[in-house]
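Trainee: Model the structure of this input:
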Amino acid sequence: MSQQLSSFDTGLYNLSGGDRPHYINTVPAGTRGGNWGLSAINNSVQLINTGTIGSSKVVGVLFNDLFEPSDTCSAPVTPRTMRSPDHATHNTHIRLHADYHNQTFALVAENGMTVTYSGAASTMVPIASGYNLVVGPNMRRKVLMGYI
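Mentor: Numbers count the residues shown, from 1 in each chain. Presented below is the predicted three-dimensional model:
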């Protein structure tokens with residue numbers, strides 16, 4: 001079966017070595033959050049923590065940004081779990097705006113493995129996985145520099 005290559009215009013990469021990217025300011029309790037270091041420019045997608053794909057650490061999430069940079073995100077973003085393909089507890093957690101439901105996302109691991117997902121109101125389960133399955137911004141540069 002032939003896999004179709006997916007292309008994305010936005011990538012959030014956690015290259016810090018830890019599984020939790022740091023946020024820029026204090027997150028007020030009971031709100032949608034502060035400005036996360038790894039989020040879309042208007043916080044419509046936020047990478048909260050990264051898990052693993054097999055034994056390889058997840059280093060990024062790719063997606064197509066639905067908003068213009070000047071758009072504000074008035075509706076709250078809510079937590080989602082991107083289930084690891086091995087169904088282990090090493091899942092990746094993001095926050096999404098409701099407009100991203102049914103949109104395609106991809107996780108990228110350090111070893112180059114990618115897994116695609118469809119945005120959902122709760123847990124997002126893998127659709128396809130493989131090497132060279134997706135392309136996104138800065139991926140080639142990160143590969144050449146040894147991050148992925």
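
Trainee: Would you map the helices across this protein?
Mentor: For the chain, the helices defined by DSSP state H cover 139-144.

Trainee: Neighbours of the closest residue to V108 other than its chain neighbours, how many?
Mentor: Using C-beta to C-beta, 6 or more residues apart in numbering and skipping the chain neighbours, the partner closest in space to V108 is G60 (4.4 Å). For every residue, glycine as well, the C-beta is placed using N, CA and C. Counted with other C-beta atoms under 10 Å, residues neighbouring G60 total 26.

Trainee: Beta-bridge partners for G60, please?
Mentor: Beta-bridge pairing for G60 (DSSP bridges): Y13, V108.

Trainee: So for stretch 90-105, what gets flagged as buried?
Mentor: Neighbour counts over stretch 90-105 (16 or more other C-beta atoms under 10 Å) mark H90, N91, T92, H93, I94, R95, L96, H97, Y100, Q103, T104, F105 as buried.

Trainee: same deal with stretch 120-131?
Mentor: A120, M124, P126, A128, S129.

Trainee: Brilliant, that's me finished.
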